[in-house]
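A.B. asks: Any chance you can model this:
(2 chains)
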There are 2 protein chains.
Amino acid sequence: VTRDDAQALDAADALAGLRSAFALPDGVIYLDGNSLGPPPVAVHERMAQVTRREWGEGLVRSWNTADWIGAPLRVGGKIARLIGAKASEVTVADSTTVNLFKLASGALTLRPGRTTMLSEAGNFPTNLYALQGLEAQLAGRATLKTLPPTDVVAAIDEDTAAVVLTHVHYKTARRWDMNAVTAAAHAKGALVIWDLCHSAGAIAVDLNGAKADLAIGCSYKYLNGGPGAPAFLFVAERHQAKIRSPLTGWMGHAEPFAFEDGYRGAADIRGQITGTPPILGLAALEVGIDLQLEADPALVEAKGLALAGLFIAEVEARGADPALTLTGPRNPAERGLHVSFAHPEGYAIVQAMMARRIIGDFRAPDIARFGFSPLFLSYVEVWDAAHALADLLASRGWDRPEFRTRAAVT
Amino acid sequence: VTRDDAQALDAADALAGLRSAFALPDGVIYLDGNSLGPPPVAVHERMAQVTRREWGEGLVRSWNTADWIGAPLRVGGKIARLIGAKASEVTVADSTTVNLFKLASGALTLRPGRTTMLSEAGNFPTNLYALQGLEAQLAGRATLKTLPPTDVVAAIDEDTAAVVLTHVHYKTARRWDMNAVTAAAHAKGALVIWDLCHSAGAIAVDLNGAKADLAIGCSYKYLNGGPGAPAFLFVAERHQAKIRSPLTGWMGHAEPFAFEDGYRGAADIRGQITGTPPILGLAALEVGIDLQLEADPALVEAKGLALAGLFIAEVEARGADPALTLTGPRNPAERGLHVSFAHPEGYAIVQAMMARRIIGDFRAPDIARFGFSPLFLSYVEVWDAAHALADLLASRGWDRPEFRTRAAVT
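C.D. replies: Here you go, the predicted model:
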């Protein structure tokens, strides 16, 4: 593929018009939207509006007049359209970690008598940590079993309450077959909790098409919701009346403003909301979601996979460094939108790329990771980034002491 | 007290200069800073900076370059100075509800063999709900006992793991004697979890002076952190190595970026952090905290109590409606900074006051509540508000159908 070929792909790209909705710094090629999406241009005006007009002029009245109180369900309902769910099945709340704790605990209440929570070794750590915390707290009533990914499905049995899997793996980009795994779990009477952190806004997820039970996800990656944006969760309608959250807070009460001493949980998705909703975070997030809704999810996925494929092909075609190894699947149907190359100098490579204003990230112990957000990246940018990486490897341009100095966040 | 007297009090008010740090709408008297504090003027510039420069230009690099990753401890350390704690004892995290769940569960781990969580009937509901959720989840290993406030201290016994009390009651403004209750609990080997929602930024709290164990609080009231701002929590240094949070997330791990499968909690206050920190909320909150730090907490408390006292005295002196009853203590030493009047038409009274651009709030079933934030209110405003309320009561100005229409958030 030549650079002219890449330009031709851009000219034919139905999503190319969305690039102008983001204000990226000049000269930066941003291949880390899978860690933190960039701000939509519209978010600046919206944040000024929410702080000056709604907070500053409306003051406490804005809980009603600006419908702050409705924001978790309103934004959740919009996210639902991106992941194949009904509006009544999704809410924004808390963090991904807290949401997993709630839903894993809830899954155990939906499957009384079953004690096993099943996940894969090497899952994104906070998922395993949340399940370990729950295991410790339940002191014998729940056990986390982690297995290599190849062994997970076969291990689902009559004691499995919930299978907890990240749909697209944060390192390898390996994608689980949501339909098949969900069906296999259901065949044994187990539930599945899907973590959509690397899927929402990237892969055309269809939760209801897969008969999914429960899902969680973060909103600061492909959804461009902002740093530490509030997370979302999905509970299929059929489970909502029965599932119990352990984190019962006033916003999950059937009548929060009745100020009763006893908790009566809302029987719908509101029962998964805990405390007072984070309005500034929700306001920024809604801008990202509204922008995402302008794009057809199938086109988003197809472009992202094409960008990732182009990057892999162009880097490997140069064969610049035999130590560089693609981690995870090549087949687009089996992968998400980021590309991870293992290399003993992965950290220094990412730093050296950053010095060239091409931003990716590092994942311990040796992964240089690059993400391909379809809403703002062009084929030419990806082509340029691939060639820059190939040049860097060929010249050992990463081999400088300053590229090995570790920052707090890698 | 005449209006001229009130003006003289303003002229002598050492905190009067802080009013200009807030941009309140013209003609509004804002007596609901105890529900949602108004935005500091500086927050608008700061939010533009964090979204445009840090998020927009720094992108993912800002986790390091703008020290986003350090924000929970940095802002927590500033809050510590307002509540008599060491910087290393406070962090910002999650919501008040989630933080109480973590610390109540943690208190049980600090007091093995004890099963009782003791609280007062009529505590702010989300506190009771969080404890009820924990009780249900622990299935027999913990029991919530709620008693009338007068009976709580006597009921602390050798089975009490934790006493959970809101320092200043959300309705009555009754203030617990933090030193005495903490000492009484310690005498029985129990811990106390103090909810500082209506204290932080209002009352000169000295957690370490009281030998306090654990505390939680929200930051959108007197701390002016913004709608749904992230909450804080305090763990006394002596408890930090032993306390276990059930909500173990990657940000509480000793080495979050080692990406290990097994949770190893940080042995310091970081062990109470769960997910990715909410940066937009933290940025706004820090502005509120920085402003609060300009004021001497003793002066803040003294002025707030004087404002509340002036309001009570002026309303009652007019004796306009015998159905109006002060709820809670009159003695400034036994109360916080809001004033609650019970009245059968409490809801309509609050709405009618709002129509006069004097903003308070309603708490079911019959409380008209007015809060006296010392950083932005003047004595004259409070005098005017008191006389407006007295006039309204004398004229039955609340007796109109539109003032009885309930909004979603009361």
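
A.B. asks: contacts and neighbour counts: CA atoms only from here.
C.D. replies: OK.

A.B. asks: Which residue ranges of chain A form strands?
C.D. replies: A:29-30, A:90-92, A:116-120, A:143-147, A:160-166, A:191-195, A:214-217, A:232-235, A:325-327, A:338-342, A:358-359, A:361-363, A:367-371 (DSSP state E).

A.B. asks: So which of those is the most surrounded?
C.D. replies: Comparing the strands of chain A by mean neighbour count (mean count of other Cα atoms under 10 Å in any protein chain shown), strand A:90-92 comes out on top with a mean of 30.

A.B. asks: Okay, now the sheet partners of it, with direction.
C.D. replies: Strand A:90-92 pairs in its sheet with strand A:232-235 (antiparallel), by DSSP bridges.

A.B. asks: residues touching whichever residue of the stretch 251-400 of chain A sits closest to chain B, list them.
C.D. replies: Of all residues in the stretch 251-400 of chain A, the one sitting closest to chain B is residue A:278 (4.1 Å; Cα to the nearest Cα). Applying Cα atoms under 8 Å, 6 or more residues apart in numbering or on different chains, we find residue A:278 in contact with A:230, B:227, B:228, B:229, B:230, B:281.

A.B. asks: Would you mind giving these as a markdown table with neighbour count added?
C.D. replies: Formatted as a markdown table, these follow (neighbours: other Cα atoms under 10 Å in any protein chain shown):
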| residue | neighbour count |
| --- | --- |
| A:230 | 29 |
| B:227 | 32 |
| B:228 | 22 |
| B:229 | 32 |
| B:230 | 29 |
| B:281 | 25 |
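
A.B. asks: Take those residues and lay them out in CSV including distance to residue B:8 and pLDDT.
C.D. replies: Shown next, in CSV, are those (distance: Cα to Cα, whole Å; pLDDT from 0 to 100):
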residue, distance to residue B:8, pLDDT
A:230, 47, 98
B:227, 34, 98
B:228, 36, 98
B:229, 36, 98
B:230, 38, 98
B:281, 38, 98
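
A.B. asks: State the pair within those residues that is farthest apart.
C.D. replies: Based on Cα to Cα, the longest span within the contacts of residue A:278 runs between A:230 and B:227 and measures 13.7 Å.

A.B. asks: thinking again about what came up before, inside helices: which ones of the contacts of residue A:278?
C.D. replies: Under the assignment DSSP state H, the contacts of residue A:278 contribute residue B:281 to helices.

A.B. asks: for the contacts of residue A:278, which one is nearest residue A:43?
C.D. replies: For those, the nearest to residue A:43 is residue B:281 (14.6 Å; Cα to Cα).

A.B. asks: what separates that closest one from residue A:68, distance-wise?
C.D. replies: Between residue B:281 and residue A:68 the computed distance is 15 Å (Cα to Cα, to the nearest Å).

A.B. asks: now residue A:251
C.D. replies: Residue A:251 is 12 Å from residue A:68, by Cα to Cα.

A.B. asks: pretty sure residue A:279 contacts residue B:220?
C.D. replies: No: shown here, residue A:279 and residue B:220 do not form a contact pair, counting by Cα atoms under 8 Å, at 11.0 Å.

A.B. asks: Quickly list what's touching both of these two.
C.D. replies: Common neighbours of residue A:279 and residue B:220, using Cα under 8 Å, 6+ apart, are B:227, B:228, B:229.

A.B. asks: Can I get the longest helix along chain A as CSV, trimmed to CA atoms?
C.D. replies: Scanning chain A for the longest helix, with DSSP H as the assignment, gives helix A:297-318. Extracted in CSV, the C-alpha atoms of helix A:297-318 (Å, rounded to 0.1, in the frame of the first residue of the first chain):
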residue,chain,number,x,y,z
PRO,A,297,-21.6,1.3,14.3
ALA,A,298,-21.0,-1.2,11.5
LEU,A,299,-19.0,1.4,9.6
VAL,A,300,-17.1,2.4,12.7
GLU,A,301,-16.0,-1.2,13.3
ALA,A,302,-15.1,-1.8,9.6
LYS,A,303,-13.0,1.3,9.4
GLY,A,304,-11.3,0.6,12.7
LEU,A,305,-10.4,-2.9,11.7
ALA,A,306,-9.2,-1.6,8.3
LEU,A,307,-6.9,0.9,10.1
ALA,A,308,-5.5,-1.7,12.4
GLY,A,309,-5.0,-4.1,9.5
LEU,A,310,-3.2,-1.4,7.5
PHE,A,311,-0.9,-0.6,10.5
ILE,A,312,0.0,-4.2,11.1
ALA,A,313,0.7,-4.8,7.4
GLU,A,314,2.8,-1.7,6.8
VAL,A,315,4.9,-2.3,9.9
GLU,A,316,5.5,-6.0,9.2
ALA,A,317,6.1,-5.4,5.5
ARG,A,318,9.2,-3.4,6.4
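
A.B. asks: Kind regards, and thank you for your time.
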